[in-house]
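Novice: Could you work out the structure for the sequence below:
(one chain, ligands or ions: 1)
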Amino acid sequence: MWYNPGEYRLLVSLASLLAPAFLSMNVEKESNRQNLQVNAKRLWDTIMETANIGGTAVGGICRQALTDNDRRVRDWFVKECESIGCTVTVDEVGNIFAHRRGKNNSLPPIAMGSHLDTQPSGGKFDGIVGVLSGLEVVRTLNDASYVTSAPLEVVNWTNEEGSRFAPPMLGSGVFAGVFDLDFAYSRKDRDGRKFGEELERIGYGGKVKCGDHRLGAYFELHIEQGPVLEAENKMIGVVTGVQSQRWYEVTVTGRESHAGSTPMHLRKDAMLACARMVEAINQIALSHAPLAVSTVGLVEVNPNSRNVIPGSVFFSVDLRHPNDTVLGEMDKELKAAVEKVVTAMGLKAKLDNFWSAPSVKFDEVCIDAVRTTVEDLGYSYRYMISGAGHDAVYIARVAPTAMIFIPCQNGISHNELENTEPEYVAAGANTLLSTIIGHDKAVQHSGA
Ligand SMILES: [Zn+2]
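Specialist: Numbers count the residues shown, from 1 in each chain. Next comes the predicted model:
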């Protein structure tokens, strides 16, 4: 078709008027994809909605693993994931995977998640923020019709808390090959009910072999469960690893005798020895400041009578440090301190190191994906080592892993008063979303 010069000039000027609009629409569309934001209100409302499942009178949650409340929240989660187009599978240990297809489904999925079980008097956020933010990431991508290259998965790991069935992180532990399936099934609660039977009872003994499921990467968003971010007024913790930990039990044996008729120089006071040890244990952490921590949190005095000099004392010791070598030195210092006290006082002590967990270093590429995202989004942040255990500890053994922390009020967790702010949850979920998108692009470009 031909135009006369007048019509042509009109067309050109129309085109030049419209082109920037078209261009800016495309640019806007592209930049929106780069800067997608979660729907913070929808996420917060979802957290509050599910908090009713096992909700307590003072605003906490009682939703221990494999109870009816755990079944209810699992049913809700499965239904919700299916309603937004995910395919849900459940493995033999009850871990739930909600799968969203990508463009290249031969790639292993990029996973996000945590746990929906709680302590008997737990809070609304521990674990829950990680799972529900994963769900919100998928909802947001759906809203924007954004399809990642690799598939995505939102995961709910079974029995992270370990309060009903010890040890903790059992679902992720079986997945990572730390525990075998029979060990998990044989765990008993205080009423003698077995994990395997309770899993069947609530209908979550899945058919999929646990661990037979490669993950391309794993990102876990969690509340800090400590006071550091809030104290430093930082929005995000870029978690580089989890510290090394050792648990001990100490029994000090002295001699019971009458509080009135036994002169001070003839006593064998087990409680006094314990007190000196507690002071020494405190000093051990202080001498490896600022990263070492030591705690005596449980003490049993025998016979625990006000006019009897204590004959024996049983107490726990919890030592932690990010560096295994330093923790090894603290271990030696603990043994020496206990020995020194009992030798000086003429008593006996038995020290049992019954559980040790080496430190975990998260994947450099995943940590960097989180850090660059946080910098791009303009959130204040700091690097940190997790003081608590998480599912990410075990998943790090089988997939590149990192964690994102958000502040929680006064650092309080494992408590019905556990609290955080909607803006922190939004910042954490936006960090998770952009990290997933960024990591997916990097995987796509590397052709991995
Ligand atoms: Zn947790």
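Novice: could you pull out the helices for the stretch 101-250 of the chain?
Specialist: Here the stretch 101-250 of the chain has its helices, by DSSP state H, counting those that start in this stretch, at 128-143, 170-175, 181-186, 195-201, 228-231.
Novice: Count the residues that sit near the residue in the stretch 251-400 of the chain positioned nearest to the ion.
Specialist: Nearest residue of the stretch 251-400 of the chain to the ion (C-beta to the ion) works out as H390 at 5.9 Å. The C-beta positions use only the backbone N, C-alpha and C, and glycine is treated the same way. By the other C-beta atoms under 10 Å criterion, the neighbourhood of H390 contains 28 residues.
Novice: What of K350?
Specialist: 12.
Novice: in its sheet, what does the strand or helix carrying it sit against?
Specialist: Assigned by DSSP states H and E, K350 falls within strand 348-357. Applying DSSP bridges, strand 348-357 is found paired with strand 244-253 (antiparallel).
Novice: For this structure, give the residue positioned nearest to the ion.
Specialist: Closest point on the chain to the ion, by C-beta to the ion, is G127, at 3.9 Å.
Novice: residues contacting that residue?
Specialist: Residues near G127 by C-beta atoms under 8 Å, 6 or more residues apart in numbering: 114-118, 160-161, 222.
Novice: among those, which one has the lowest pLDDT?
Specialist: Checking pLDDT across those, the minimum falls on E161 at 93.
Novice: Could you check how many residues crowd around it?
Specialist: So E161, with other C-beta under 10 Å, has 22 neighbours.
Novice: for stretch 100-115, the distance to its chain's centre please.
Specialist: 19 Å (C-alpha atoms, centre = their mean, to the nearest Å).
Novice: same deal with stretch 72-88?
Specialist: 21 Å.
Novice: And stretch 58-69, what's buried?
Specialist: 60-67, 69 (16 or more other C-beta atoms under 10 Å).
Novice: now the end-to-end length of it.
Specialist: 17 Å (C-alpha to C-alpha, to the nearest Å).
Novice: Equivalent analysis for stretch 287-294, please.
Specialist: Note: stretch 287-294 ends 11 Å apart using C-alpha to C-alpha.
Novice: can you pull the buried residues of that stretch?
Specialist: In stretch 287-294, the ones that count as buried by 16+ other C-beta under 10 Å are 288, 292-294.
Novice: do the same with stretch 216-228
Specialist: Under 16+ other C-beta under 10 Å, the buried positions of stretch 216-228 are 216-226.
Novice: Can you give me the pLDDT of the nearest residue to L215 once chain neighbours are set aside?
Specialist: Distances taken as C-beta to C-beta, 6 or more residues apart in numbering place A399 nearest to L215, at 3.9 Å, with adjacent residues excluded. Taken from the predicted model, the pLDDT recorded for A399 is 98.
Novice: Am I right that A399 is in contact with Y218?
Specialist: Yes - counting by C-beta atoms under 8 Å, A399 does reach Y218; the two are 4.9 Å apart.
Novice: Now do the helices for the stretch 301-448 of the chain: every range, in order, please.
Specialist: 324-345, 364-377, 391-395, 422-446.
Novice: Point out the one among these that comes closest to G173.
Specialist: For these, proximity to G173 was assessed by C-beta to C-beta; helix 391-395 is nearest, at 4.9 Å.
Novice: show me what contacts D191?
Specialist: Contacts of D191 by C-beta under 8 Å, 6+ apart: none found.
Novice: For it, give me phi and psi.
Specialist: Backbone torsions of D191, given as degrees, to the nearest 10, read phi -90, psi 10.
Novice: For the stretch 301-448 of the chain, give me the ranges with low pLDDT.
Specialist: Residues of the stretch 301-448 of the chain meeting the criterion pLDDT under 70: 447-448.
Novice: excluding its backbone neighbours, what's nearest F219?
Specialist: M112 (5.2 Å).
Novice: my guess is that neighbour meets L221, correct?
Specialist: Yes - using C-beta under 8 Å, M112 is in contact with L221, at 7.3 Å.
Novice: separation between F195 and L286?
Specialist: Using C-beta to C-beta, to the nearest Å, F195 is found at 40 Å from L286.
Novice: Of these two, which one has the most company?
Specialist: F195 (23 against 12).
Novice: surely that one meets A184?
Specialist: Yes - with contact defined as C-beta under 8 Å, F195 and A184 form a contacting pair (5.7 Å).
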